[in-house]
Each structure stands twice: as C-alpha cells, then as structure tokens.
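Visitor: Predicted model and sequence below, questions to follow.
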Amino acid sequence: MDEHHEPWPRHVAVIMDGNGRWARRRHLPRIEGHRAGVKSARAAMEVCRDLGVPVLTLYTFSLENWRRPQAEVDELMRLLHRYLAREAPRLAANRVRFRALGRLGMLPAKVRAKVEELTAATAGNDRLTLCLALSYGGRAEIVDAINAAAAARVAAGREPGPLAPADIAAHLYAPDVPPPDLIIRTSGEVRLSNFLLWESVGARLVFVPELWPDFNAKRLAALVSAERARHAAQVAR
C-alpha cells in the first residue's frame, strides 16, 4: 500500500485532562469527574475504530499521579480495575487489541493481573490498538529503554559503546506501535506533561479548551478529519 492509501492519522494520542475541574465545577467529589471521563474514553475508542485510526493512546495515570492523596489513588485504581473488567467484552466484540504502557510493576497486583489478562485475551484483535499509559512517564520510558538497550548489548556479548537512536527506540514500551501523528490535550493546558517525549517529535499538537468529560465523539471526529485533510493536502503537493 502506498502512502496515499495508508490510514491517517496512524496514531492518535490524548492527554485526558480536566476531570477534577469538571467535578469541582459541579460540586462533586473528584472521583465523579474520573467516572465521567471513562465515558469520554469509551467514545474516543469508538470514534477511532469507526474512522479507521489504527492506534489510540490515552494518558490514563502518570508516575506523578502516585503523589496524589492515597484515598484518591486507591479509588482511581478501583475505577481502573472495574473499567478493565467491564470493557473486556466490548474490546472483543470490536476487535480491539489492548496494550498498557508504563512501569506496570508499580500497579496493585489485582490491577496488574487484569492488565495482563486483557492484554493476552485481545492480542489477536486487529481493528484498533488501544494503549493505556499507566504508571507512565516519558522520561522514565527513555531511561528504561536506555537501560534495556545497554543490557541487551551485554547479553549479546557486544562491546560497550555508544547507543544509537534505533537502539533506544527498539526498547520503548511499545516499539511496534507507530509514533503518534496527532496528540490532543484537553482542558486548555498547553504542555505535554511528560507524555510520549521520545515518540512525539513529529506529532501535530492540538490543545482544546474542553475538559475531558465534556470532550465528545463529535469533537474528536472533527479533529481527526481535519488532520486527515491536512495530511492529504500535504501529500498532494
């Protein structure tokens, strides 16, 4: 398939920001904002599936999020576990492959087991790859990749020496996934917040004012369509 017929964007990544503010404006507990955000995550998955976007990555829980109050972290982990359990039939029915990116060993054992179960159960699905960035940090990913690349060099009996970018890229959390072409951040914040730092070098960055629970399927579809049209015009030049 030539580049004129390749799906575009190949990979959409979303920094899902604003759950807490959404809840606060409604005088609700913060966890209610996270629960509302799950609906937006489901809608995003369905939009990407329907539009033929091969990969969707959602920034779900960062390394920095572990510093939040323990009660909130505990509730987020319970919410995550319920989400993974409830979404399993939906992922299977829609041929969605599930992946998790991050320092997964830091997750509670119950959540980690569900992540591993869902990853294995959906490994053969081929319509959309859904990646959740969990216990994730962009700098940590680069450090982990460098350490893994260096260890692989030693294991292969190669002499110590400088690492090439390709060595590091091969040891990222999901080296088989194409880098994001479009990164969207909700809530009006204009920063990457340690998200996909290595992979984002060629991505188009879009910052929108909506809080994540208010970011609906129609809005995402419009942004994907606009990026598709922009790319088509660029290719046609």
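Guide: Okay, I see it. Not measured: the values here are computed from a predicted model.

Visitor: and the residue nearest the centre of the chain, what are its phi and psi?
Guide: Nearest residue to the geometric centre of the chain (CA atoms, centre = their mean): T57, 2.4 Å. Recorded main-chain torsions at T57 are phi -120, psi 130, according to degrees, to the nearest 10.

Visitor: top helix in this structure by residue count?
Guide: As assigned by DSSP state H, the longest helix anywhere in the chain is helix 70-93.

Visitor: Tell me how far that helix lies from the chain's centre.
Guide: 15 Å (CA atoms, centre = their mean, to the nearest Å).

Visitor: before we move on, what about stretch 85-105?
Guide: Taking CA atoms, centre = their mean, one finds stretch 85-105 lying 12 Å from the centre of the chain it belongs to.

Visitor: mind checking pLDDT for the residue nearest to the centre of the chain?
Guide: As predicted, T57 sits at a pLDDT of 98.

Visitor: Check which helix or strand the residue sitting furthest away from the middle of the chain maps to.
Guide: Taking CA atoms, centre = their mean, the residue of the chain most remote from its mean C-alpha position is E159, at 35.4 Å. Using DSSP states H and E, E159 falls within no helix or strand.

Visitor: State the distance from it to H171.
Guide: 18 Å (CB to CB, to the nearest Å). Placement of C-beta: from N, CA and C, glycine included.

Visitor: what comes into contact with the longest helix of the chain?
Guide: For helix 70-93, contacts defined as CB atoms under 8 Å, 6 or more residues apart in numbering pick out 30-31, 34-35, 38, 41-42, 60-61, 65-66, 68, 96-98, 107-108, 110-111, 114-115, 118, 121-122, 125, 130, 134.

Visitor: Next: stretch 6-13.
Guide: Stretch 6-13 has contacts (CB under 8 Å, 6+ apart) with 48, 52-59, 177-184, 195-196, 200, 203, 224, 227-228, 231-232.

Visitor: ok, whichever strand or helix holds V12: who's next to it in the sheet?
Guide: Element membership of V12, judged by DSSP H and E, is strand 11-15. Sheet neighbours of strand 11-15, with direction, are listed as strand 55-62 (parallel), strand 182-185 (parallel) (DSSP bridges).

Visitor: And the last one, what's buried?
Guide: This points to strand 182-185. L182, I183, I184, R185 (16 or more other CB atoms under 10 Å).

Visitor: helices or strands next to the helix or strand following it in the packing?
Guide: Sequence order places strand 204-207 as the next helix or strand after strand 182-185, per DSSP H and E. The contact analysis (3 or more CB pairs under 8 Å, 6 or more residues apart in numbering; DSSP states H and E) places strand 204-207 against strand 182-185, helix 217-236.
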